[in-house]
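Undergrad: attaching a predicted model along with its sequence, questions to come.
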Amino acid sequence: MTDNNETIIDSRVYEISFIFDNKLDEAAALKKAETLKQSIATLGGSFISEEAPYMRELAYEMIKVQNNINVRFNEGYFGWIKFSLDGDKVKELEKGLKVDEEIVRYLVVRTVAENTVYTKRAPVIKAEALALNEDGPSDEIASSDVNIDTTKDADIVAEAVSDVVVDTTASEETK
């Protein structure tokens, strides 16, 4: 056995995503994100990547109690920070986030250090858009592979689109 006096640091990679209050202006939201980064650095964390907060519409209404009043949020400043930090110190970070009145919602998850780039899904053309086209669907759209939304209502509209295509070709034959 050898005496090894090295300190082993259990540093893990985390990502925090957050939504700030929409009453902040853009400069205040950026300053708030920098303050969050400073608190991570104070706890001994190091940064991997980040996205500056930007105003966006939320997918659903969020309610947060501020000064004993339920405040509803439909939009807020969304951003994220990827960092490495000791697992025990993440709890300390979360304690500070819970009491902050300007943070509507946050989520800390364990992740990997590699670059995880968000990729957008291929656009979906809904059948309603094809049915409401005033010029009628073109032969290119009718013959191409179109990714059609297959929800319950879209199936009914898709049948209407096929009827429109039939009617369009029938009216061309009568000319």
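TA: It's in. Numbering: from 1, shown residues only.
Undergrad: C-alpha only now, for contacts and for neighbours.
TA: Noted.
Undergrad: got the residue ranges for the helices in this structure?
TA: Taking DSSP state H as the test, the helices found in the chain are 26-42, 87-99, 127-131, 139-143, 152-174.
Undergrad: domain parsing of this structure, as residue ranges.
TA: The record's domain parsing of the chain by automatic domain parsing lists 11-110, 127-169.
Undergrad: lowest average confidence across those domains, which one?
TA: Note on the domains of the chain: domain 127-169 shows the lowest mean pLDDT, a mean of 50.
Undergrad: quick one: Arg105 and Asp21 touch, right?
TA: No. Using CA atoms under 8 Å, Arg105 is not in contact with Asp21; the gap is 9.1 Å.
Undergrad: who's in contact with Ile63?
TA: 70-73 (CA atoms under 8 Å, 6 or more residues apart in numbering).
Undergrad: list the strands paired with the lengthiest strand in the chain, with their directions.
TA: Ranked by residue count under DSSP state E, the longest strand found in the chain is strand 46-66. Using DSSP bridges, the strands paired with strand 46-66 are strand 69-86 (antiparallel).
Undergrad: got the angle between the strand it pairs with and helix 26-42?
TA: Put simply, strand 69-86 runs at 40 degrees to helix 26-42, going by axes from the mean of the first three to the mean of the last three CA atoms, to 10 degrees.
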